[in-house]
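A.B. asks: Quick check, what structure comes out for this input:
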Amino acid sequence: MSKFTEKVLEVVNKIPKGTVASYGQVSLIAGIPRAALQVGWILHQYGETTPWWRVINNAGRISTKCIEHHASLQKKHLEAENVKVTPKLKIDIEKYRWRPNPNELKKLKLDEKYLEEVLNTYSL
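C.D. replies: Next up, the predicted model:
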């Protein structure tokens, strides 16, 4: 398993119940910005061991096309965590977005060059 895969899984496992993160947000926190597509592939591969349903696209839509982790299953999981999902699979991402605090980011050992970007982009 690559270090990036390990870091993506670590980040996704930190997303609290009732919140979501975008694929790009996860890739940035994992230390490789603009690797959103790879995050999707990693979640597809490790969906049985991680809360993959808490990751959505940055437009606030469920966009999975996976047979094993299909959109209606993701909707069901999110609604079970009290995340409101519209019939068109839309979520108010800013309302439910996970906004890790600096201490959480330090525990993830985020590279200093990305720490400021994460805090500026996703802080409260």
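A.B. asks: residue ranges for the strands of the chain, please.
C.D. replies: 21-22, 55-56 (DSSP state E).
A.B. asks: For these, please prepare JSON lines with the additional fields mean neighbour count, mean pLDDT and distance to residue 83.
C.D. replies: C-beta: built from backbone N, CA, C; applies to glycine. Below are those laid out as JSON lines (neighbours: other C-beta atoms under 10 Å; pLDDT from 0 to 100; distance: least, C-beta to C-beta, whole Å):
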{"stretch": "strand 21-22", "mean neighbour count": "23", "mean pLDDT": "96", "distance to residue 83": "12"}
{"stretch": "strand 55-56", "mean neighbour count": "27", "mean pLDDT": "96", "distance to residue 83": "9"}
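A.B. asks: Out of these, which gets nearest to residue 120?
C.D. replies: strand 21-22 (15.4 Å; C-beta to C-beta).
A.B. asks: quick one, which of the strands of the chain is nearest to residue 68?
C.D. replies: Each of these has some distance to residue 68 by C-beta to C-beta; the shortest is strand 55-56, at 14.9 Å.
A.B. asks: From the chain's centroid, how far away is the closest one?
C.D. replies: Taking C-alpha atoms, centre = their mean, to the nearest Å, one finds the center of strand 55-56 at 5 Å from the center of the full chain.
A.B. asks: Next, format the strands of the chain as CSV and append distance to residue 13.
C.D. replies: Formatted as CSV, those follow (distance: least, C-beta to C-beta, whole Å):
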stretch, distance to residue 13
strand 21-22, 11
strand 55-56, 11
